[in-house]
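**Q** Fold the stuff below for me.
(one chain, ligands or ions: 3)
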Amino acid sequence: MDAAHMGADLERVLVTEDEIQAKLAELAEEIAQEYAGKDVLLVGVLKGAVMVMADLMRALPITAPVDWMAVSSYGSGTKSSGVVRILKDLDVDISGKHVLIVEDIVDSGLTLSWIKANLESRNPASVEIVTLLRKPEAAKVEVDVKWVGFDIPNEFVVGYGLDYAEQYRGLRQVGTLAPHVYS
Ligand SMILES: O=P(O)(O)OC[C@H]1O[C@H](OP(=O)(O)OP(=O)(O)O)[C@H](O)[C@@H]1O
Ligand code: HPA
Ligand SMILES: [Mg+2]
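**A** Numbering: from 1, shown residues only. Ligands and ions are numbered 1, 2, ... in the order given. Modelled structure (predicted):
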């Protein structure tokens, strides 16, 4: 799909490219302060967090190693199954380390609460979460998220890492899809 067509499939832009970048710069400052003098490992959750990770780590005034986990809960649909599977585990041992999970979205919260509990069971020094987006009205479980970029309405969104059937991840903004896309 070409980029122009990808953008044309959006019904409404909820967060613009500029808003995303400005927010990540703010969050990066806060995160750098929090971890000053500490070693922190950034853990990205594939595939959605790729964009947030790429831009957040470049905005961070500190250097930090990066590792990735891949889990699946959504498959190709628009609803969380609630069943989380590890598709790819971390490469490194996190015991004694400060871990910052980097995510694109907290929707039902099922994925993040599962990942957080899973990582906490490995005896890290701490586990915190930064997410670009959160849907407060969609929460099925409460997850303690330290840094949130934007609270958004309970609508399915795409762009900036977020997909619908693996499409639209490359959009620079976040928005809802036009109804014709689903039919
Ligand atoms: O709060 P929840 O309802 O659990 O939803 C959030 C999760 O869903 C998405 O991942 P998805 O499983 O679609 O994988 P992807 O990142 O590869 O698209 C998103 O990246 C989060 O990880
Ligand atoms: O709104 C969403 N869009 C795309 N992927 C998602 N994964 C959880 N919520 C969403
Ligand atoms: Mg997805």
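**Q** Show me what the lengthiest helix in the chain is packed up against.
**A** Longest helix in the chain by number of residues, with DSSP state H as the criterion: helix 17-34. Applying 3 or more CB pairs under 8 Å, 6 or more residues apart in numbering; DSSP states H and E, we find helix 17-34 packed against helix 50-59, strand 126-134, strand 147-151. Backbone N, C-alpha and C define where each C-beta goes, glycine included.
**Q** and residue 17, what does it touch?
**A** With contact set as CB atoms under 8 Å, 6 or more residues apart in numbering, residue 17 has these partners: 172, 173.
**Q** Include mean pLDDT and mean neighbour count when you put the helices and strands packed on helix 17-34 into CSV, please.
**A** Below are the helices and strands packed on helix 17-34 laid out as CSV (pLDDT from 0 to 100; neighbours: other CB atoms under 10 Å):
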stretch, mean pLDDT, mean neighbour count
helix 50-59, 98, 19
strand 126-134, 98, 22
strand 147-151, 98, 17
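**Q** Determine which of the ones you listed approaches residue 118 most closely.
**A** strand 126-134 (9.6 Å; CB to CB).
**Q** what packs against the closest one?
**A** helix 17-34, helix 50-59, strand 98-106, helix 110-120, strand 147-151.
**Q** Other residues contacting the last one?
**A** Right, the one you point to is strand 147-151. 14-15, 19-20, 23-24, 27, 30-31, 106, 128-136.
**Q** That one pairs with which strands, parallel or anti?
**A** strand 126-134 (parallel) (DSSP bridges).
**Q** just to revisit the earlier point, can you check which of the helices and strands packed on strand 126-134 gets nearest to ligand 1?
**A** helix 110-120 (3.1 Å; CB to the nearest ligand atom).
**Q** Can you name the residues of this structure sitting close to ligand 1?
**A** Selection of the chain residues close to ligand 1 by CB under 6 Å from any ligand atom yields 45-48, 72-74, 80, 103-112, 163.
**Q** Just the buried ones among these, please.
**A** Listed as buried from these are 45, 47-48, 73-74, 80, 103-112, 163; burial here means 16 or more other CB atoms under 10 Å.
**Q** Where does pLDDT dip in this structure?
**A** For the chain, the stretches with pLDDT under 70 are 74-82.
**Q** Check whether the closest residue to residue 154 other than its chain neighbours sits in a helix, strand or coil.
**A** Excluding its sequence neighbours, the residue lying closest to residue 154 (CB to CB, 6 or more residues apart in numbering) is residue 137, at 4.1 Å. Under DSSP: H, G, I helix; E, B strand; the rest coil, residue 137 falls in the helix class.
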